[in-house]
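In: Structure of the sequence below:
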Amino acid sequence: MPTFLGLRPDDGDVDIAILPLHYELTTSYGQGTAQGPQACIEASAQVELYDVQLNDDLPAGLSIHTIPAWEGDEPTLLQQLDSMTGYLIPWFKGDCFPLCLGGEHGILPSIMEAARHHPLVENDLSNLTVVQIDAHGDLREELDGEPYSHACAAARALDAGIGSLLQVGIRAFSKEEHERMTIDERITTFFAKDTQSPCHGAQHWNQWLETLSSIKGPAHLTIDIDGLDGALVPATGTPVPGGLTYWQVNETIRTLFNAPNAVVVSADVNEIGVQKDSPLTQFTAAMLATNVVSSHAFARKNGMWKALETRSGPNRQATDFRGFSQSNGGE
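Out: Numbers count the residues shown, from 1 in each chain. Now for the predicted structure:
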C-alpha cells in the first residue's frame with residue numbers, strides 16, 4: 001500500500017495519522033474526488049522531505065502512519081456519514097494528530113462529530129474554532145434537496161454547534177449564504193475580492209493573519225483545495241478563478257499552527273481531484289498536506305502540542321456510531 005511521503009510504515013505508536021476518506025456522494029459538477037486521497041498519497045512520494053521551518057527532514061523523529069482507507073459501502077448517505085464518523089473517532093483521542101484526506105467536503109460533518117471526542121473539545125463543539133480555506137461559502141441549507149451536500153458542509157458544522165468559523169478565499173456563494181455570513185456572529189469571512197485585490201489586498205491579508213493569531217483554544221483546519229486559484233488545482237470538483245496563491249495558503253497554515261493560544265487538534269484536505277494530463281492538482285494537495293504535517297511537527301517541537309492520552313498503535317477498532325441516521329428520522 002502506498003504511504004504518505006513514501007515513508008516506511010512501522011508497528012509503533014502513532015504521532016500523525018493520515019486518514020484517507022474515499023467519500024463522494026453529493027458532488028454537483030466535476031467528479032472523481034473518491035479517488036483523490038489515493039492520488040494525493042501517491043503524489044506525496046515525490047514531495048521533498050526537508051522543511052525549512054523545522055530545519056529537518058520529515059518525519060523529523062515522529063511516527064507518521066497512513067491508515068487503511070475508509071471505504072463507504074452503506075446503502076444511504078446518512079449511514080455512510082455514521083460509518084465515516086465511527087472510523088474517525090478512535091483517532092481523536094488526543095494521543096495523535098489526525099489529518100484527513102478527502103473526498104468531497106461533505107466529510108466535514110463526520111469530522112466534527114469525531115472532534116467532539118477530543119479531550120480539548122470535551123464534547124462541546126462551542127469550544128472549537130474551524131478555519132476554512134475555500135472558494136465557496138458551503139453555507140447552504142440544502143443543494144438539490146440534500147442538507148448534507150458538500151455545499152452545506154460549513155452550515156452543518158455551525159448547526160452542530162462549533163463556536164467560530166473563520167473563512168478565507170471565499171468568492172462563490174448564494175444570496176442565502178451571504179445573508180448568513182452577515183447575520184451569524186460566529187462567522188468571519190475574508191472574501192477573495194478583498195485579500196486578492198491589487199490595490200488593498202495586503203491590508204486585508206494582514207487582518208486575516210492577525211485574526212488567525214488571536215485564536216484561543218482548539219481549532220480544526222479544513223482546506224478545500226478549490227480555495228486556491230483554479231490554475232493550481234484544475235481537476236478539483238469546481239475550480240474557480242481569482243483564488244489564493246499557494247504561498248498564501250502555506251502562510252495561513254503556518255500562522256494558525258503558530259498561534260500562541262491555539263491548539264490545532266486536527267485538519268483535513270479535501271475536494272482532491274485526479275488530473276489525467278498532469279499531476280499538478282494532486283501534487284498541490286500533497287504539498288498542502290505536507291505543510292500541515294510539518295507545521296504540526298514544528299508545534300510539537302516548540303511545546304505547543306502534546307499528547308493528552310496514552311499513545312496507541314495504528315490498529316484501532318472503529319466505533320459503532322449512528323448519530324446521523326438516528327437524528328434524521330432513523331434512516
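In: Quick one: the helices in the stretch 1-150 of the chain, in order.
Out: Along the stretch 1-150 of the chain, counting by DSSP state H, counting those that start in this stretch, helices occupy 36-44, 77-88, 108-115.
In: Nearest to A297, out of those?
Out: A297 sits nearest to helix 36-44 of all those, at 15.1 Å, using Cβ to Cβ. Using the backbone N, CA and C atoms, a C-beta is placed for each residue, glycine as well.
In: What mean pLDDT does the closest one get?
Out: For helix 36-44, mean pLDDT rounds to 95.
In: Also stretch 203-216?
Out: pLDDT averaged over stretch 203-216 gives 98.
In: just stretch 232-250 next, same as before
Out: If you average the pLDDT values across stretch 232-250, you get 95.
In: Then stretch 14-33?
Out: 75.
In: Would you enumerate the residues in contact with P218?
Out: Counting by Cβ atoms under 8 Å, 6 or more residues apart in numbering, P218 touches 115, 118, 120-121, 127-129, 262-265.
In: wait, D226
Out: 134-136, 233, 236-240, 243, 271.
In: go on, E74?
Out: E74 touches 80, 82-83, counting by Cβ under 8 Å, 6+ apart.
In: Over to V52?
Out: Going by Cβ under 8 Å, 6+ apart, the list of residues near V52 is empty.
In: State the pLDDT value of it.
Out: In this model, V52 carries a pLDDT of 96.
In: do you know how far it is from A286?
Out: 18 Å (Cβ to Cβ, to the nearest Å).
In: mean confidence score for stretch 294-304?
Out: In this model, stretch 294-304 has an average pLDDT of 97.
In: can you check stretch 258-270 too?
Out: Averaging pLDDT along stretch 258-270 gives 98.
In: Keeping just the C-alphas, turn that stretch into PDB.
Out: What follows is stretch 258-270, C-alpha atoms only, in PDB (Å, rounded to 0.1, in the frame of the first residue of the first chain):
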ATOM      1  CA  ASN A 258       1.900  29.100  15.500                       C
ATOM      2  CA  ALA A 259      -1.000  31.000  17.100                       C
ATOM      3  CA  PRO A 260       0.200  31.300  20.700                       C
ATOM      4  CA  ASN A 261      -3.100  30.500  22.400                       C
ATOM      5  CA  ALA A 262      -4.500  27.900  19.900                       C
ATOM      6  CA  VAL A 263      -4.000  24.200  19.600                       C
ATOM      7  CA  VAL A 264      -4.800  22.700  16.100                       C
ATOM      8  CA  VAL A 265      -6.300  19.400  17.000                       C
ATOM      9  CA  SER A 266      -7.000  18.100  13.500                       C
ATOM     10  CA  ALA A 267      -7.100  19.000   9.800                       C
ATOM     11  CA  ASP A 268      -8.400  17.900   6.500                       C
ATOM     12  CA  VAL A 269      -7.500  18.500   2.900                       C
ATOM     13  CA  ASN A 270     -10.500  17.800   0.600                       C
END
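In: So G243 sits against A192, correct?
Out: Yes. With contacts counted by Cβ atoms under 8 Å, G243 reaches A192, the gap being 5.9 Å.
In: what touches both of those two?
Out: Common neighbours of G243 and A192 (Cβ under 8 Å, 6+ apart) are 135, 169, 171.
In: ok, now which ones touch the closest residue to the last one other than its chain neighbours?
Out: Ranked by Cβ to Cβ, 6 or more residues apart in numbering and with sequence neighbours excluded, the top spatial neighbour of R171 is A192, at 3.9 Å. The neighbours of A192, taking Cβ under 8 Å, 6+ apart as the test, are 135, 169-171, 242-244.
In: Show me those that map onto helices.
Out: Secondary structure from DSSP state H places none of the contacts of A192 in helices.
In: mind listing what the residue nearest to R322 when sequence neighbours are not counted touches?
Out: Leaving aside its sequence neighbours, R322 sits nearest to D82 (Cβ to Cβ, 6+ apart; 5.2 Å). D82 is in contact with 74, 321-325, counting by Cβ under 8 Å, 6+ apart.
In: Kindly indicate which of the residues you listed lies nearest G227.
Out: So of those, ranked by how close each gets to G227 (Cβ to Cβ), first place is F324, at 25.9 Å.
In: quick one: buried residues of the helix or strand hosting that closest one?
Out: Counting by DSSP states H and E, the element that carries F324 is helix 323-327. For helix 323-327, a neighbour-count test (16 or more other Cβ atoms under 10 Å) marks 323-325 as buried.
In: re the thing from before, pLDDT check: weakest of the contacts of E74?
Out: Within the contacts of E74, pLDDT is lowest for Q80, at 93.
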